[in-house]
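# Structure of the sequence below:
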Amino acid sequence: MDMLWSGWGDPAKAAPLPGTVIGLLRDLLGVTPRESGPASLDAVEVPASPLQDGVREALTACVGGDAHIRLDPESRIRHTRGKSTPDLLRIRAGDVDDIPAAVLLPGDHDEVLAVLRTCAEHGLSAVPFGGGTSVVGGLAPEGKRPFVALDLRRLDRVLALDEVSRTATVQPGLRGPECEALLNERGWTLGHFPQSFEWATVGGFAAARSSGQASAGYGRFDEMVLGLTVATPEGTLETGRAPRSAAGPDLRQLILGSEGAFGVITAVTVRVRPLPLKRIYEGWRFASFEAGAAALRRLAQDGPRPTVLRLSDETETFIGLAQPDAIGAGTPQGAGCMAIAGYEGTEEDTAARRAAAREVLLACGGEYIGEEPGDRWEHGRYNAPYLRDALLDAGAFAETLETAAFWSAVPELYAAVRQALTTALTDAGTPPLVMCHISHVYENGASLYFTVVSAQGDDPVAHWEPAKRAANDAILAAGGTISHHHGVGTDHRDWYTREIGPLGVRMLQAVKAETDPAGVLSPGVLLPVR
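Next comes the predicted model:
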């Protein structure tokens, strides 16, 4: 099943906003309903593929025949850009300026190699495509060359499961739910549940350094990766022959987070853990975001660390975004800030960690408000992107951004980004509602995840661009990283290069010059086009 072409996820799960929320948007932000919805798929004008017959035939041979190359308008539209709000606004308006020339579906590592070499030979670019969930411009290459979308959905198997070492080798096109189901059948779990879980793929998790909602317990995806097989225009790279090694720099780290710019991941070896026998999630209330953050820091640094640990600020708690399926239902838990703590494991371990964590949370001023908020969070944990689409349909602008910093810098980072967004959008005549939550915690710092809602303005994409630039500038100035888990893509590239500095840029460009000397792979993604 393909994702909704003009929005997020399964079309059957999309639902309009309740009248109470529409009224709130009108009263708070001056949002007015749109006069018309997105263009129909059939109405989008798609240019003919620029591929010459000889090139098309060569690419077709690479992937094993006509069944695995798609040139029809619908397939090409569905592989145009990702799922950020600007991406969706443009596609809804019928803008397909950066549509791929073709969609290729290779069936194995060797076919990926053949495609990349053929692209290099004929002056084409190639963009790896997993679930299509990028929100940072990772699927829209720059430059004037035609490009092909390299859809990896046929690489969708668990290749090996080593139950002694507790590892699994998985192909990159396997989506999150299917991967989890195959592991669960054997009594194992990956434990990786990002908000994009239902649609994103294992290869995408690795390529973007994904971080799941249970990262406090299971770790980030890059911490799970033990080995990679990578296809490049110059050949194959194999990394990771032991759980840890002192044999030089870890080449896995060059590929993790590289978003297809250095090569196409064709297999990932990950560590797995026993399927938990018990899962329980509960809600806590704190008087302020500062108090809640202090409690999360205590648990992250001194333990016991829950499997899931997140905290919404006052605004996000009041609106109800801490529980996406309860938007518009009021805030029966009262004022303050909502925290969710979750525990997974054996009955004994879960009970022990929960009891010990409860003592810490109570000592930090937390008020236990029961399992119902946790259950609602679990039920709606993947619903926020659907809510974003419903807001767009209702005439609101809604977008997210995230960052991370050391604990000592978190307060300044939180204030600076909120101020930058509020000032920029207010100056544009669309004062926003800015919400935030701590989404991931570490011993040394935390991630901040912001949600911004405002009226759309006359040109919604142009309306957002200065606000996004202001927020990015504020992140770097306050000591944050430009991305904690969404990645770099083209949207964050200029700030990423500032973050790593000129020498860092030259080092990575040298790597790309070796693996991809013709500049085939995702030009403009991660690094400037040379």
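
# can you give me phi and psi for Phe129?
Phe129 adopts backbone torsions of phi -130, psi 120, taken as degrees, to the nearest 10.

# Who are the contact partners of it?
79, 103, 139, 149-152 (CB atoms under 8 Å, 6 or more residues apart in numbering). Yep, even glycine has a C-beta here, placed from its N, CA and C like the rest.

# pLDDT, neighbour count and distance to His122 for those residues - can I get that in TSV?
Formatted as TSV, these follow (pLDDT from 0 to 100; neighbours: other CB atoms under 10 Å; distance: CB to CB, whole Å):
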residue	pLDDT	neighbour count	distance to His122
His79	97	24	19
Val103	98	19	17
Leu139	97	28	21
Ala149	98	24	16
Leu150	98	28	15
Asp151	98	24	19
Leu152	98	27	21
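
# Please identify the one among the residues you listed that lies nearest to Leu508.
Closest approach to Leu508 among the contacts of Phe129 (CB to CB): Leu139, at 19.9 Å.

# Can I take it that that closest one is in a strand?
No. Counting by DSSP: H, G, I helix; E, B strand; the rest coil, Leu139 is not part of a strand but coil.

# That one - nearest residue in space that isn't next to it in sequence?
Leaving aside its sequence neighbours, Leu139 sits nearest to Gly82 (CB to CB, 6 or more residues apart in numbering; 4.8 Å).

# what does the model give that neighbour for pLDDT?
We note a pLDDT of 97 for Gly82 in this prediction.

# Now find how far off-centre the longest helix that the chain contains is within its chain.
Using DSSP state H to define each element, the chain has its longest helix at helix 493-515. Offset of helix 493-515 from its chain centre (CA atoms, centre = their mean, to the nearest Å): 22 Å.

# Using CSV, write down the CA coordinates of that helix.
Extracted in CSV, the C-alpha atoms of helix 493-515 (Å, rounded to 0.1, in the frame of the first residue of the first chain):
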residue,chain,number,x,y,z
ARG,A,493,22.4,21.7,4.9
ASP,A,494,23.6,25.3,5.2
TRP,A,495,23.3,25.2,9.0
TYR,A,496,24.9,21.8,9.1
THR,A,497,28.0,23.1,7.3
ARG,A,498,28.2,26.0,9.8
GLU,A,499,27.9,23.4,12.6
ILE,A,500,30.8,21.2,11.5
GLY,A,501,32.9,24.0,10.0
PRO,A,502,34.9,24.3,6.8
LEU,A,503,37.4,21.6,7.6
GLY,A,504,34.6,19.2,8.5
VAL,A,505,32.9,20.0,5.2
ARG,A,506,36.1,19.3,3.2
MET,A,507,36.6,16.0,5.0
LEU,A,508,33.1,14.8,4.1
GLN,A,509,33.5,16.1,0.5
ALA,A,510,36.6,14.0,0.3
VAL,A,511,34.7,10.9,1.3
LYS,A,512,32.0,11.6,-1.3
ALA,A,513,34.7,12.2,-4.0
GLU,A,514,35.9,8.6,-3.3
THR,A,515,32.6,6.8,-3.1
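
# Return the list of helices and strands in contact with it.
Judged by 3 or more CB pairs under 8 Å, 6 or more residues apart in numbering; DSSP states H and E, the packing partners of helix 493-515 are helix 460-477.

# Pull the most distant pair out of the contacts of Phe129.
Across the contacts of Phe129, the longest distance by CB to CB is 12.6 Å; it joins Leu139 and Leu152.

# Pick the one among the contacts of Phe129 closest to Ala455.
The closest of those to Ala455 turns out to be Leu139 (CB to CB; 28.0 Å).

# shouldn't that closest one be in contact with His79?
Yes. The pair Leu139 and His79 passes the contact test of CB atoms under 8 Å, sitting 7.5 Å apart.

# what about the helices in the stretch 151-300 of the chain?
Along the stretch 151-300 of the chain, counting by DSSP state H, counting those that start in this stretch, helices occupy 176-185, 202-207, 215-218, 221-224, 252-255, 289-302.

# looking at those, which is buried most?
Of all the helices of the stretch 151-300 of the chain, helix 202-207 carries the top mean neighbour count, a mean of 30, counting by mean count of other CB atoms under 10 Å.

# returning to what we had before: intersection of neighbour lists for Leu139 and His79?
129, 132, 149.

# Check the first one and give its pLDDT.
The predicted local confidence for Phe129 comes out at a pLDDT of 98.
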